[in-house]
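Engineer: For reference, the sequence and a predicted model appear below.
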Amino acid sequence: MQHDLKLPIDGIDARLNRRYQRLVKQHMTSAAPLAPAVKDLASAQKTTFATTQAVWRFFNNERISFGQLSEPIISLALEQVAFSPHPYALVVHDWSRLQFRSHNGKEERLKMTHCGDVGYELQTSLLVDAANGLPIAPLSQTLTDGAGCRSTLTEGLSERLTHMDSLAG
């Protein structure tokens, strides 16, 4: 991918679009330290509180949905697949457990297998070039907690499904 790509989101203001561009560009840099996008967004702030506020405002902005954030990435993925010499692409699915056993204040934690196995489940679908095995773009992400699922594929909260049922769409 090129680092000068513009992935604008229709229907949102210029400032929010600029923040989104910084987040996407930081995720395109493979040698970046942990949490690069949040650090990049925060680096323009002068205090810890301002940093926290800027990140919170971006991720909790009601004027933009997870689906809208995904649209430019999906469009880019479709363009990149067209450049591949292979007639198809692969999608790799990963389910990761995020353990939060000692975070008792997080009431929405999911009980996964037993009472000590609590936290969240993160599902990611990654588009991969079948010709060379290189990743192209994340197609979707779903976070499951005790209340249900929040996904880039749907708006709002949906019911928890088995892994295979969640892929059926």
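Structural biologist: Perfect, I can see it now. Residues are numbered from 1 along each chain as shown.
Engineer: Point me to the helix or strand that includes the residue positioned nearest the centre of the chain.
Structural biologist: In the chain, the residue lying closest to the centroid (CA atoms, centre = their mean) is Gln141, at 5.5 Å. Using DSSP states H and E, Gln141 sits in strand 135-145.
Engineer: ok, then the element right after that strand?
Structural biologist: Per DSSP H and E, strand 135-145 leads on to strand 148-151 as the next helix or strand towards the C-terminus.
Engineer: tell me what that following strand is packed against?
Structural biologist: Packing partners of strand 148-151 (3 or more CB pairs under 8 Å, 6 or more residues apart in numbering; DSSP states H and E): strand 135-145, strand 157-158. Where C-beta positions appear, they are placed from N, C-alpha and C, glycine not excepted.
Engineer: Direction included, what does it pair against?
Structural biologist: Here strand 148-151 has these sheet partners by DSSP bridges: strand 135-145 (antiparallel), strand 157-158 (antiparallel).
Engineer: Looking at those strands, which one is packed in the most?
Structural biologist: For the strands paired with strand 148-151, the largest average neighbour count (mean count of other CB atoms under 10 Å) is found in strand 135-145, namely a mean of 20.
Engineer: Quick one: the strands in the chain, in order.
Structural biologist: With DSSP state E as the criterion, the chain has strands at 89-99, 110-111, 118-129, 135-145, 148-151, 157-158.
Engineer: centre of the chain versus the second one, how much separation?
Structural biologist: Spelled out, it's strand 110-111. Relative to the centre of its chain, strand 110-111 is centred 21 Å away, using CA atoms, centre = their mean, to the nearest Å.
Engineer: Need the residues that contact that strand.
Structural biologist: Strand 110-111 has contacts (CB atoms under 8 Å, 6 or more residues apart in numbering) with 117-121, 144-146, 160.
Engineer: which stretch among the strands of the chain comes nearest Ser65?
Structural biologist: The minimum distance between Ser65 and the strands of the chain falls on strand 148-151, with 10.5 Å, by CB to CB.
Engineer: where's stretch 67-74 relative to the chain centroid, distance-wise?
Structural biologist: Counting by CA atoms, centre = their mean, stretch 67-74 is centred 10 Å from the centre of its parent chain.
Engineer: now Leu167: how far from Arg18?
Structural biologist: Using CB to CB, to the nearest Å, Leu167 is found at 34 Å from Arg18.
Engineer: in stretch 93-105, what's buried?
Structural biologist: Neighbour-count burial for stretch 93-105, counted by 16 or more other CB atoms under 10 Å, picks out Phe100.
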